[in-house]
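A.B. asks: This is a predicted model, with the sequence first.
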Amino acid sequence: MNLSHPSLFQTNAFINGAFKASESGNTFEVANPFNKDILAQVANSTKADTEEAIQAASNAFQVWKKFTASKRSRILKNWYHLQLKHADDLAQILTLEQGKPLAEAKGEIKYGASFVEWFAEEARRIYGDTIPGHQADKRIVTIKQPVGVVAAITPWNFPSAMITRKVAPALAAGCTVVIKPSELTPLSALALAQLSIEAGFPPGVINILPTINAVEVGQTMTNSKLVRKLSFTGSTKVGKLLMRQCADTVKKISMELGGNAPFIVFDDADMDEAVSGAIAAKYRNAGQTCICANRIFVQSSVYDEFTEKFAKAVKEQKVGNGLEEGTIVGPMIEEKAVQSVEAVLEDAQTKGADIITGGKRVGNNDSLIYEPTVVKNVNTDMLVFKNEIFGPVAPIFKFDTEEEVVKMANDTNYGLASYFYGRDYARIWRVAEALEFGMVGINTGMISTTVAPFGGVKESGFGREGSKYGIDDYVEIKYMCWGGVS
Ligand code: ADP
């Protein structure tokens, strides 16, 4: 690692403003998925560490919530500027532990920082209402107050941005946070902690607990009465478990879970645009995002044209080491992830699908680099239709009518992102309204931005991140009824 700010490389937990070894003294390894090199031994936080962090966050809440909005805003802005200033270092750490190409990692750092800037601005706009009273002597006022200590559990696919997207609105609202990053990518989180010290956050406002004991730390968070809110991004399976765990203390919850995004190409679409949109929506982060195009549906009259152009563009993507210039698709995160892609492809092939390009690892049998893959002759009985693929595999389905494709697109328990390409404006409205997803990309494969509400419906979760709505998940509305005004 060759960092211009070496202190960004931290391996201990961050509790009450300081980096600390775990009370157990134990550590775990973090590896580079490209070559499996061990990058660091990181503190393995325990129940006791978690309790200490929660207590620190609870103490800090009494201080932080009383800061004026503009004071909180200024500290958040400092943090934002520091993230941009050190974007190259942060991106390097991210690529090393996660695998995504450096250009994509830098994009993530900027995207992540943009939430900090946005919510630094929103901090000053957390308005209440005055409501006309229901009786002559009554006056009614609402205020919005921070929910309290927030626990955040985040995944490995966006090790930096999934943290800032939760933490920035929480801090802007006046909450304090205890974060459990993914065990696969704790280094990006700890680098953000270092910058939080430099930005001037009081001790305890931000706490970070790296651990391989996800269950133990998660349970300590959800059992705690001091933690008033849980924000989770990850699999639907773990999300459901955490919701159950939050029931006993009736916590406020936000859940950003899995997806099974349809990507529909109608016959009047601009084919070249649709191809490049599909490439962007499918292969970013080697297909490992919850909004990746999972099922591509192409109208029969343009099916051959689209498929040919798409497969050609897929083959042109350079795969390999994320640190190397020009790499478009990096390694997958871990062996389990590659095996899950192999299983889905095997299922498709035994049921009659054909691989047009890709379909194997690059290099050795244990390589985590998987060729960008395109599959045709697929149908709705296959796992490529039902499962969240979470890898660089694109199945291309054929459809005839609008009605048929909307039905197929909605035939999933998930409801996060969806995409379609077409020109007919009436059809665009009809389809956008009919898709049962929280987000719809129309003639674009790139929908993530700070200014828009990100989130899902159905088993993809609830709550919205980013935009003017992002603060709502971190505040409670209190209503005051003033009587005797006569
Ligand atoms: P993925 O399949 O994308 O890794 P997970 O839902 O398994 O998604 O992981 C997302 C986050 O949830 C990670 O930080 C992981 O450590 C954490 N996690 C997994 N299982 C649990 C659990 N039982 N309790 C708390 N956190 C968990």
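C.D. replies: Received, thanks. In this text, all values refer to a predicted model and were calculated from it rather than measured experimentally.

A.B. asks: Can you report how many residues lie near Q62?
C.D. replies: 10 (other C-beta atoms under 10 Å). Bear in mind the C-beta positions are built from the backbone N, C-alpha and C, glycine included.

A.B. asks: host element of it?
C.D. replies: In this structure, Q62 sits in helix 47-64 according to DSSP states H and E.

A.B. asks: which outside residues touch the following helix or strand past that helix?
C.D. replies: Counting by DSSP H and E, the next helix or strand C-terminal to helix 47-64 is helix 69-85. Contacts to helix 69-85, defined as C-beta atoms under 8 Å, 6 or more residues apart in numbering, come from residues 64, 90, 109-110, 112-113, 116-117, 119-121, 123-124, 126, 164, 168, 171-172, 174, 192, 195-196, 198-201.

A.B. asks: okay but W482 is in contact with R139, surely?
C.D. replies: Yes: between W482 and R139 there is a contact at 4.2 Å, judged by C-beta atoms under 8 Å.

A.B. asks: Of those two, which one has the most company?
C.D. replies: R139 (15 against 11).

A.B. asks: Skipping adjacent residues, who's closest to K309 in space?
C.D. replies: V275 (4.8 Å; C-beta to C-beta, 6 or more residues apart in numbering).

A.B. asks: could you say which helix or strand contains A348?
C.D. replies: With DSSP H and E as the criterion, A348 is inside helix 335-350.

A.B. asks: what about that helix, distance to the chain center?
C.D. replies: Relative to the centre of its chain, helix 335-350 is centred 23 Å away, using C-alpha atoms, centre = their mean, to the nearest Å.

A.B. asks: got the contact list for it?
C.D. replies: 288, 332, 355, 359, 361, 366, 368, 370, 373, 375, 378, 382-384, 387, 389-393, 395.

A.B. asks: Same question for stretch 265-280.
C.D. replies: Against stretch 265-280 from outside (C-beta under 8 Å, 6+ apart): 263, 293, 296-299, 301-302, 305-306, 309-310, 313-314, 317, 394, 402, 419-424, 427, 441, 443-446.

A.B. asks: pLDDT of it, averaged?
C.D. replies: Stretch 265-280 comes out with an average pLDDT of 98.

A.B. asks: Please apply the same query to stretch 11-28.
C.D. replies: 98.

A.B. asks: Once you drop chain neighbours, what's closest to the residue most central in space within the chain?
C.D. replies: Centroid-nearest residue in the chain: M162, 4.6 Å away (criterion: C-alpha atoms, centre = their mean). Nearest in space to M162, with sequence neighbours left out and distances taken as C-beta to C-beta, 6+ apart, is T154 at 4.3 Å.

A.B. asks: Check what pLDDT that neighbour gets.
C.D. replies: Predicted confidence (pLDDT) for T154: 98.

A.B. asks: Quick check: buried residues in the longest helix along the chain?
C.D. replies: Counting by DSSP state H, the longest helix found in the chain is helix 102-122. For helix 102-122, burial by neighbour count (16 or more other C-beta atoms under 10 Å) applies to 102, 104-109, 111-120, 122.

A.B. asks: first vs last residue of stretch 447-454, how far apart are they?
C.D. replies: Start-to-end span of stretch 447-454 (C-alpha to C-alpha, to the nearest Å) is 9 Å.

A.B. asks: what does stretch 86-106 give?
C.D. replies: End-to-end distance (C-alpha to C-alpha), stretch 86-106: 10 Å.

A.B. asks: hmm, stretch 152-164 in reach of the ligand?
C.D. replies: Yes: for stretch 152-164, a contact with the ligand is found by C-beta under 6 Å from any ligand atom, at 153-155.

A.B. asks: Tell me the spacing between the closest residue to the ligand within the stretch 1-150 of the chain and I396.
C.D. replies: Residue of the stretch 1-150 of the chain nearest the ligand, by C-beta to the nearest ligand atom: T50 (10.9 Å). To I396, T50 is 46 Å away according to C-beta to C-beta, to the nearest Å.

A.B. asks: More neighbours: those two, which one.
C.D. replies: T50 (28 against 24).

A.B. asks: tally of neighbours for the nearest residue to that one once chain neighbours are set aside?
C.D. replies: Using C-beta to C-beta, 6+ apart and skipping the chain neighbours, the partner closest in space to T50 is T220 (4.0 Å). T220 has 24 neighbours, counted by other C-beta under 10 Å.

A.B. asks: so T220 sits right up against S45, yeah?
C.D. replies: No: contact criterion C-beta under 8 Å: T220 and S45 do not qualify, at 9.5 Å.

A.B. asks: so where's the stretch 51-200 of the chain uncertain?
C.D. replies: Along the stretch 51-200 of the chain, segments meeting pLDDT under 70 are nowhere present.

A.B. asks: tell me which parts of it are close to the ligand?
C.D. replies: Residues of the stretch 51-200 of the chain lying near the ligand (C-beta under 6 Å from any ligand atom): 153-155, 180, 182-183.

A.B. asks: Among these, which ones are in helices?
C.D. replies: Among those, no member falls in helices (DSSP H).

A.B. asks: returning to that earlier point: please produce JSON lines containing the residues of stretch 152-164 next to the ligand, extended by distance to I131.
C.D. replies: Listed next are the residues of stretch 152-164 next to the ligand as JSON lines, based on distance: C-beta to C-beta, whole Å:
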{"residue": "I153", "distance to I131": "36"}
{"residue": "T154", "distance to I131": "37"}
{"residue": "P155", "distance to I131": "40"}
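
A.B. asks: neighbour-wise, which of those leads?
C.D. replies: Neighbour-wise, the residues of stretch 152-164 next to the ligand (other C-beta under 10 Å) top out at T154, 27 neighbours.

A.B. asks: Tell me the helices and strands packed up against the helix holding Q62.
C.D. replies: strand 13-15, strand 149-153, strand 176-180, strand 206-208, helix 214-223 (3 or more C-beta pairs under 8 Å, 6 or more residues apart in numbering; DSSP states H and E).

A.B. asks: Now for A87: which residues touch it?
C.D. replies: Contact analysis of A87 by C-beta under 8 Å, 6+ apart lists 106, 109-110, 113.

A.B. asks: my guess is the residue nearest to the centre of the chain meets G234, correct?
C.D. replies: No: at 9.1 Å, M162 does not count as touching G234 under the criterion of C-beta under 8 Å.
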